Each structure stands twice: as C-alpha cells, then as structure tokens.
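Trainee: okay, here's the prediction I keep looking at, along with the sequence it came from:
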Amino acid sequence: MMIQQIGNRGCLTAILLIAVWSSSTVFAKSPAAIFIIVDGIPADVLENTSTPVLDSIAGKGGYTRAYVGGEIGGESQSPTSSAIGYNNLLTGTWANKHNVYDNQVNAPNYAYWDIFRMAKEQDPTLQTAIFSTWTDNRTKLIGDGLKEAGGNKLDYVFDGFELNVERFPHDLQENYIRAIDDLVTDEAARYVESNGPDLSWVYLEYTDAVGHNYGDGPEMTAAVQYMDGQIGKIWSAVQKRQQAYDEEWMIVITTDHGRDAKTGQDHGNQSERERTTWIVTNSDDLNERYYQTPAIVDILPSIAAHLKLEIPENIRNQLDGQSFID
C-alpha cells in the first residue's frame, strides 16, 4: 500500500533496495563449524561399512576420498601418523612447515597458526571448544595458553581423561579409550546443543586402538559402526541448534591416516592405503576441488571460508591447502 502511494521512481527504488537489504540482514544466519577427527580409518573400510549417520550427513553435502602424507618425494612428505595429521588439519600446512613429525610433538613451529588462533585474532568474542581423548592435542599441537602459540584460544576444554587411570584403568585391549570416547562424545553433543560454540574440535581415538590391536576384520568394522553412532549424537545436536537458532553449521568429519595393506594394524609409511583418507561434510557449497581428492590441509581454509575468517595475508600465504567450498 505504501509503495503504491509513492510517485517518485527514485524514492521507490531506494525503498526497494532498503527492503532487500533489511531482509537479508534480518535473515542472515550466523556461521558455526565443528570438525571431528576419528582416528585411523582407511577409506576402503569406511566405504564397505554401514554408516547411516555419515551417509545422512554426506547426503546434505558430500563424501570424498582425500589424502595425507604430503607430496611423495617432495619436501612436504611426512609419516602417515596421528599427530602429524591432526596438525596438518589444524594449521593447513604440511609437516615441513609445522614441524610435527611424530606423536611426541617435541618442537612444533607455532609460526604457522592454527585455526583457533585465526578465529580469536579476528574476533576474540568467538566461542571455541575442544573435546578430546588426547590431552596433547590442546597442550602441544594447539599450544593453548602458550604465548608463542597465540595465548589462550579455547573457551571450553573437555580432555585429560586418559591421564586419570583411577577412573579409566588402562587395559591391554585399550577398551578404556572407548569409554573416554563415549564421555567426550556425550559432552560434545550436550555442549554444542546448549551453547553453540562458533568453532569446535572433537577427537575420538578408539577406532585407531582397534586397528592396532586387531587390524582388518570384524572388530574394526564394529568399531567404525560404533563411531558412526557417536557421530550421530553430535550431528543431532547440530541439527537442533540449526532448528532453534539462526545458525548455519558446517560439520566436517575426517580421519588422520589410513592403514597398511598387509594387516591393517600399522601405518606411518607412504603406501596408497596409508595415505588415502576421506572427508564427509554437510556443506552444500562444495566446489570441484572437493571431488578431486583434496588433502587434509584443505580443511582449514574451507572452515575459515565458512566462518568468514579474514586470515592475515602473511599467514594466508603460508597455507598449503585451498578451500573446497565457495
């Protein structure tokens, strides 16, 4: 009715532009991201195991094979081992830059920023969280609280349980890790649903423990299926957040390495199976790179793109990965 009463075309155009701008502003959703590393699951095992939750997530976005280990024969080549893979994701760089070459994490090079540091440098009010079966992820790889690593970057921490041997007695088959994974999963789901942190990392280890103990076989298949159920709890929490709030969530699930082809018990070398990993995400903004065997280092710039992080130029130029979302 108001528009029909306006005779000036310029005024009408201005009002229409304001209306469009106001509409996009009101309905713009706040981005949030959560990435989950489930340890030591080769792509062929995942692809031959029933995983309805991961299938559901991939149905909204996509599934792709990926790789770790850097460039074979190049300066970025590195062992296909756990902490190396985690830090490849966290920093978007290969080991020749971040300097983590084994699980001891003796001298990480914090000049290559992790994604939590990038988020906090842009906006200290962004809420961050970690839920982890392995404490070194926070204390060594992220270096939370260390001045050289960017200081305090995590607002909520849920880890350290592998150090509590009274509550979680260590057994030879490492079933205590499954119990810790359960605890970590439940808390991640609870916290995501109730608090909705802007950026979160969940790390679950049990599948790698099963791989080392049993190798390829029914035990590993069962562990992957169990992992899928754990992811389901977190995915349900993400969906509830999206339904209840004006939030646009990106979830990324991946693994840190494959396994050897002979038994499936080992990893660390450069065989195709050890290097071949996978990525599942709900993002519907995937570009061609996602389907051209991306690397684990591509996950950081993709999450940063979703969160609209403006990475400082000197840090951005150090990245080895490229975004697989538009």
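Mentor: It's in. A quick note: this is a predicted structure, and the numbers were derived from the prediction, not measured. Numbering: from 1, shown residues only.
Trainee: ok, then the element right after the one helix or strand Asp208 maps to?
Mentor: Assigned by DSSP states H and E, Asp208 falls within helix 206-214. Under the assignment DSSP H and E, the closest C-terminal helix or strand after helix 206-214 is helix 218-244.
Trainee: mind giving me the packing neighbours of that next one?
Mentor: Applying 3 or more Cβ pairs under 8 Å, 6 or more residues apart in numbering; DSSP states H and E, one finds that helix 218-244 makes contact with strand 30-38, helix 43-47, helix 52-60, helix 175-195, strand 199-204, helix 206-214, strand 247-254. In short, each C-beta sits where N, CA and C put it, glycine included.
Trainee: by how many degrees do it and helix 175-195 diverge?
Mentor: On the basis of axes from the mean of the first three to the mean of the last three Cα atoms, to 10 degrees, helix 218-244 is oriented at 10 degrees to helix 175-195.
Trainee: still on that earlier bit, ok, which of the helices and strands packed on helix 218-244 comes nearest Trp113?
Mentor: strand 199-204 (13.4 Å; Cβ to Cβ).
Trainee: what helices or strands is the closest one leaning on?
Mentor: strand 30-38, helix 115-122, strand 128-132, helix 175-195, helix 218-244.
Trainee: that one vs helix 115-122, what angle?
Mentor: Using the same axes, to 10 degrees: strand 199-204 against helix 115-122 is 170 degrees.
Trainee: got the CA positions of strand 199-204 in CSV?
Mentor: What follows is strand 199-204 as a C-alpha-only set of coordinates in CSV (Å, rounded to 0.1, in the frame of the first residue of the first chain):
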residue,chain,number,x,y,z
LEU,A,199,34.3,-23.3,16.4
SER,A,200,34.8,-26.7,17.9
TRP,A,201,37.1,-29.8,17.5
VAL,A,202,36.1,-33.3,18.6
TYR,A,203,38.7,-36.0,18.6
LEU,A,204,37.9,-39.7,19.0
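Trainee: adding distance to Leu90, write the helices and strands packed on helix 218-244 out as CSV.
Mentor: CSV is the format used below for the helices and strands packed on helix 218-244 (distance: least, Cβ to Cβ, whole Å):
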stretch, distance to Leu90
strand 30-38, 9
helix 43-47, 21
helix 52-60, 21
helix 175-195, 17
strand 199-204, 8
helix 206-214, 18
strand 247-254, 12
